[in-house]
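In: Task: produce atomic coordinates for the following.
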Amino acid sequence: ANMEELRGGEFTYVLPVGSTHLSITGYAGNSTTIVPNFALNSYDVHGGELRWETEWVTLRGGLATAVNVTTGVKDRYTFEGVGALVDHDNIIAQAEYVWRKSAGYPEIADSTGYYILGGYRFGKIAPYVSYASTTKSQPAVSYAISQDQDTTALGVRWDAFKAADIKFQYERIDPKGTTGISFLNAQPGFGN
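Out: Below is the predicted model of the structure:
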């Protein structure tokens, strides 16, 4: 499992817009992400999110940049994304499109991804189906951060307690002949 920590500051400003509201969030600092076999240390992390929420629709967009230093290699990454959530009566729908770009090493880090999810609530039970895809935007190399992968999932969420949900999910992962993003091939000298 990945663990991430941001040491810095964050602000959020909420602006009422009729019966809806618009929130603007910004942050800056340094971060550490711990993944299997190594830690990613980033500095000059800054970004923000714009979120518009109505009674049953949420739209959001975000941008973040960071300078990352791993095994002595310095690079600036940019992460961008847009997403939508619909939660109306018993219908649940979500979609998100994200992309990651590297200033110095696009063959290792550049990729795009998206997911769509749809479900329907029956009281405290909500069956759903989702599809996600990640694609390298540069020719794949074996040591890239992520490779091509498609994931199809069927699941059910049970709102078992006020403060806890229980989820059962079956996934079919197709790494398209690569290591994908779910499977890690440790590279010699890369944090081992």
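In: how about the nearest residue to the most centrally placed residue in the chain, chain neighbours excluded?
Out: Centrality entry for the chain: nearest residue to the mean C-alpha point is residue 98, 7.4 Å, by Cα atoms, centre = their mean. Sequence neighbours aside, residue 81 is the residue nearest to residue 98 in space, at 3.8 Å (criterion: Cβ to Cβ, 6 or more residues apart in numbering). From N, CA and C alone the C-beta is placed, and that goes for glycine too.
In: quick one: what helix or strand has residue 61 in it?
Out: strand 57-70 (DSSP states H and E).
In: partner strands of that strand, parallel or antiparallel?
Out: strand 38-53 (antiparallel), strand 73-88 (antiparallel) (DSSP bridges).
In: Just after the helix or strand of the chain with the lowest mean pLDDT, pick out the following helix or strand.
Out: In the chain, no helix or strand scores lower on mean pLDDT, DSSP states H and E than helix 106-109, which sits at a mean of 77. Later in the chain than helix 106-109, the nearest helix or strand by DSSP H and E is strand 111-120.
In: just how off-centre is that next one within its chain?
Out: Its chain's average C-alpha position is 11 Å from that of strand 111-120, according to Cα atoms, centre = their mean, to the nearest Å.
In: Which elements pack onto that strand?
Out: In terms of contacts (3 or more Cβ pairs under 8 Å, 6 or more residues apart in numbering; DSSP states H and E), strand 111-120 is packed against strand 91-102, strand 125-136.
In: picking that back up, just give me how far the least confident helix or strand of the chain sits from the chain centre.
Out: 18 Å.
In: now for that helix, which elements pack on it?
Out: Using 3+ Cβ pairs under 8 Å, 6+ apart, helix 106-109 is in contact with strand 91-102.
In: Residues touching the strand it packs on, excluding its own?
Out: Residues outside strand 91-102 that contact it (Cβ atoms under 8 Å, 6 or more residues apart in numbering) are 75-86, 108-121, 126, 128, 137, 145.
In: Could you check the pLDDT of residue 71?
Out: Note for residue 71: predicted pLDDT of 59.
In: do the one 4 residues further on as well
Out: The model reports residue 75 with a pLDDT of 84.
In: Also residue 43?
Out: Reading off the confidence values, residue 43 has pLDDT 86.
In: which ones are touching the residue lying closest to it once chain neighbours are set aside?
Out: Excluding the flanking residues, the one nearest residue 43 by Cβ to Cβ, 6+ apart is residue 30, at 4.5 Å. Listed by Cβ under 8 Å, 6+ apart, the contact set of residue 30 reads 6-8, 41-45.
In: Residue 15 too?
Out: So residue 15 contacts 21-24 (Cβ under 8 Å, 6+ apart).
In: Take those and write them to CSV, including neighbour count, secondary structure and distance to residue 153.
Out: Listed next are the contacts of residue 15 as CSV, based on neighbours: other Cβ atoms under 10 Å; DSSP: H, G, I helix; E, B strand; the rest coil; distance: Cβ to Cβ, whole Å:
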residue, neighbour count, secondary structure, distance to residue 153
21, 13, strand, 32
22, 14, strand, 32
23, 14, strand, 29
24, 13, strand, 32
